[in-house]
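Peer 1: Need coordinates for the following:
(one chain, ligands or ions: 2)
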Amino acid sequence: MDLLIPDKVHDESRQGEALILEPGYKNNGRKLYIESYGCAMNFSDSEIVASILAEKGFETTSDFNNADVVFINTCSIRENAEVRVRNRLKEFAGAKFRNPGMVVGVLGCMAERLKAKFLEEEKLVDVVVGPDAYRSLPDLIEQVDSGQRAVNVLLSREETYADISPVRLNSNGINAFVSIMRGCDNMCSFCVVPFTRGRERSRDAYSVVAECRALFEAGYREVTLLGQNVDSYKWSGELADGSEQSAVGDKVKVVNFANLLEMVALVSPELRVRFSTSHPKDITDEVLHTIARYENICNYIHLPVQSGNSRILEMMNRTYDREWYMNRIDAIRRIIPECAISTDVITGFCTETEEEHNDTVTMMDYVKYDFAYMFKYSERPGTLAAKRYTDDIPEDVKQRRLAQIVAKQQQYSFYRMQARIGKIEKVLIEGFSKKSDKDYCGRSDQNAMVIFPVNENYKPGQYVNVLVERTTSATLIGTIV
Ligand code: SAM
Ligand code: SF4
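Peer 2: Residues are numbered from 1 along each chain as shown. Ligands and ions are numbered 1, 2, ... in the order given. Predicted structure coming up:
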């Protein structure tokens, strides 16, 4: 079992949902069905894909049986993510049998590794496209229309899709993901991302700011800046003329993550700024001070620890040790005392002893995380760990260690929630609560879900102050004050 305590960055409830777009002005009479798996970056990429195809006149549909083109945007991070996608492809086979003209495509992280298998063994798939090749989709669809199969899994050192203003799929019109960089250069030994998504590159800072400004003007009130390692964001280029320059000073030619955060925060004090993911080796005090300085940069940091033991961290090639990680936690607590912190943990990595596992448990005691995503180690073909180490921790031991940290995290999530009772939270209303249209739901600055009775004077997209009266382990419950 992988336990995911949900937040927006990897929302388990959104895995595989059909992503739809309001009907547009162009129409070529063909319908696109697209569903996404995995991380927020994949959901954001699906918006880029939909944007490229909307430009060519495709409409979206939520029913793959009605679609002319069916795309599945895949994830490779753990074996079970791949299994899920393969099962889904079997379901598309029936629709393709009834409608032989249907184009079925596999996009994203599984494309490179499994292209041959998809095209040769599972005859169902017509197109295989990697994360850096989405601009070629219209041509590849044409190629399939003319009776060929089409593949483009080339990774790029430059592609950031900076000029593509993504359409928003299944949007509530209030929060949006904005991709600020692609790929990853870190080579953590367990991780397949550097192989599936290629080298790290940062997107033009001014295109990021322009996209955030356009979102704000369209009524959006929260942006989440996305990258595998946002703290290593670095863009240098021609300074744009106009107001953005003054955001970080006229002389700044290289924009780092702290600068970018500030530039986006200055779009409007009414626009909330979130970001994910921070890497413990790279998160700087400059970034922390920037968060502290701007009220609209949310006090919430996702800082994956992976393990609390220095030997395991070295084998994972995380390039920090237990003391370094604790030092970063201390810096966050010092500079942003109210900051919520979440993490990712892997249990049962190669050779992990009981004592070493216990170091992860004591790290959880030290930080008392607000949320955690917890996983059993899953060996991925081609990674450094798969080449160098034996996946030698038995399944039942991985499972027991996972269950232990899951129980511990539930305790700390509840503890963090309880600490908010009696406090007033500034909440951005996102809509009606899932359970009742008599209640609104929204997020606090620290990213906790807050539920409170509807008040006619306020609408989704507005901020309200909510007095917290009680909690569950995942939700704050209160009333507007
Ligand atoms: N770039 C981010 C970072 O470094 O923290 C996250 C990347 S990954 C999409 C999200 C999480 O999946 C990782 O933090 C890690 O906990 C987990 N993960 C990655 N590879 C894994 C593997 N082989 N087995 C189990 N969990 C894995
Ligand atoms: Fe994977 Fe490590 Fe890069 Fe995160 S930082 S994407 S875990 S290689």
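Peer 1: how long is stretch 431-446 from one end to the other?
Peer 2: Start and end residues of stretch 431-446 are separated by 18 Å (C-alpha to C-alpha, to the nearest Å).
Peer 1: and what of stretch 304-312?
Peer 2: 14 Å.
Peer 1: Number of residues surrounding R400?
Peer 2: By other C-beta atoms under 10 Å, the residues close to R400 number 13. Every residue, glycine included, has its C-beta placed from N, CA and C.
Peer 1: separation between it and S378?
Peer 2: For R400, the distance to S378 (C-beta to C-beta, to the nearest Å) stands at 16 Å.
Peer 1: do the same with I451
Peer 2: Using C-beta to C-beta, we find I451 at a distance of 34 Å from S378.
Peer 1: Compare those two and say which is more crowded by neighbours.
Peer 2: Neighbour count, other C-beta under 10 Å: between I451 and S378, I451 has more, with 21 against 18.
Peer 1: Spit out the contact partners of that one.
Peer 2: I451 sits next to S433, D439, Y440, C441, T475, L476, I477, G478 when contact means C-beta atoms under 8 Å, 6 or more residues apart in numbering.
Peer 1: Export those to JSON lines and append columns for pLDDT, secondary structure and distance to F43.
Peer 2: JSON lines is the format used below for the contacts of I451 (pLDDT from 0 to 100; DSSP: H, G, I helix; E, B strand; the rest coil; distance: C-beta to C-beta, whole Å):
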{"residue": "S433", "pLDDT": "94", "secondary structure": "coil", "distance to F43": "22"}
{"residue": "D439", "pLDDT": "97", "secondary structure": "strand", "distance to F43": "26"}
{"residue": "Y440", "pLDDT": "97", "secondary structure": "strand", "distance to F43": "24"}
{"residue": "C441", "pLDDT": "97", "secondary structure": "strand", "distance to F43": "20"}
{"residue": "T475", "pLDDT": "95", "secondary structure": "strand", "distance to F43": "23"}
{"residue": "L476", "pLDDT": "98", "secondary structure": "strand", "distance to F43": "25"}
{"residue": "I477", "pLDDT": "97", "secondary structure": "strand", "distance to F43": "28"}
{"residue": "G478", "pLDDT": "98", "secondary structure": "strand", "distance to F43": "29"}
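Peer 1: from those, which is closest to ligand 2?
Peer 2: Comparing the contacts of I451 against ligand 2 with C-beta to the nearest ligand atom places T475 closest, at 28.5 Å.
Peer 1: Now do the contacts for that closest one.
Peer 2: T475 neighbours (C-beta under 8 Å, 6+ apart): M417, A448, M449, V450, I451.
Peer 1: try N256
Peer 2: Counting by C-beta under 8 Å, 6+ apart, N256 touches Y233, K234, E286.
Peer 1: Output the residues you listed in JSON lines; the columns should cover neighbour count and pLDDT.
Peer 2: Listed next are those as JSON lines, based on neighbours: other C-beta atoms under 10 Å; pLDDT from 0 to 100:
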{"residue": "Y233", "neighbour count": "25", "pLDDT": "97"}
{"residue": "K234", "neighbour count": "16", "pLDDT": "96"}
{"residue": "E286", "neighbour count": "15", "pLDDT": "98"}
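Peer 1: Please flag which of those sit within strands.
Peer 2: K234 (DSSP state E).
Peer 1: Nearest to ligand 1 among the contacts of N256?
Peer 2: Checking the contacts of N256 against ligand 1 with C-beta to the nearest ligand atom, the nearest one is Y233 at 12.9 Å.
Peer 1: Identify the residues contacting that closest one.
Peer 2: Residues in contact with Y233 (C-beta under 8 Å, 6+ apart) are I180, M181, S202, G227, V255, N256, F257, L260.
Peer 1: Quick check: phi and psi at it.
Peer 2: Dihedral angles of Y233 (phi, psi; degrees, to the nearest 10) stand at phi -50, psi 130.
Peer 1: Filter the contacts of T475 down to the buried ones, PyMOL style.
Peer 2: Applied in PyMOL, the following selects the buried portion of the contacts of T475 according to 16 or more other C-beta atoms under 10 Å:
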select buried, resi 417+448+449+450+451
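Peer 1: now, among the contacts of T475, which is nearest to A150?
Peer 2: The shortest approach to A150 among the contacts of T475 belongs to M449, at 42.0 Å (C-beta to C-beta).
Peer 1: State the phi and psi torsions of the closest one.
Peer 2: Per-residue torsions, M449: phi -70, psi 130 (degrees, to the nearest 10).
Peer 1: Look up how far V178 lies from it.
Peer 2: When distance is defined by C-beta to C-beta, M449 is 22 Å away from V178.
Peer 1: So what touches the longest helix that the chain contains?
Peer 2: Selection of the longest helix in the chain by residue count, based on DSSP state H, yields helix 395-418. Applying C-beta under 8 Å, 6+ apart, the contact partners of helix 395-418 are 1, 3, 5, 340, 345, 347-348, 352, 357, 360-361, 364-365, 368-372, 374-377, 448, 471-476.
Peer 1: Narrow the residues you listed to those that are buried.
Peer 2: Among those, those classed as buried by 16+ other C-beta under 10 Å are 3, 5, 340, 345, 347-348, 352, 357, 360, 364, 368-372, 374-377, 448, 471, 476.
Peer 1: Pretty sure G198 is one of the things T160 touches, is it not?
Peer 2: No. Checked against C-beta atoms under 8 Å, the pair T160 and G198 is beyond contact range at 11.5 Å.
Peer 1: Give the intersection of the neighbour lists for those two.
Peer 2: Both T160 and G198 are contacted by R182, under the criterion C-beta under 8 Å, 6+ apart.
Peer 1: pretty sure V345 belongs to a strand, no?
Peer 2: Yes. Per DSSP: H, G, I helix; E, B strand; the rest coil, V345 lies within a strand segment.
Peer 1: residue boundaries of the helices in the stretch 251-400 of the chain?
Peer 2: Using DSSP state H, counting those that start in this stretch, the helices of the stretch 251-400 of the chain run over residues 257-265, 285-293, 310-315, 322-335, 354-367, 384-388, 395-418.
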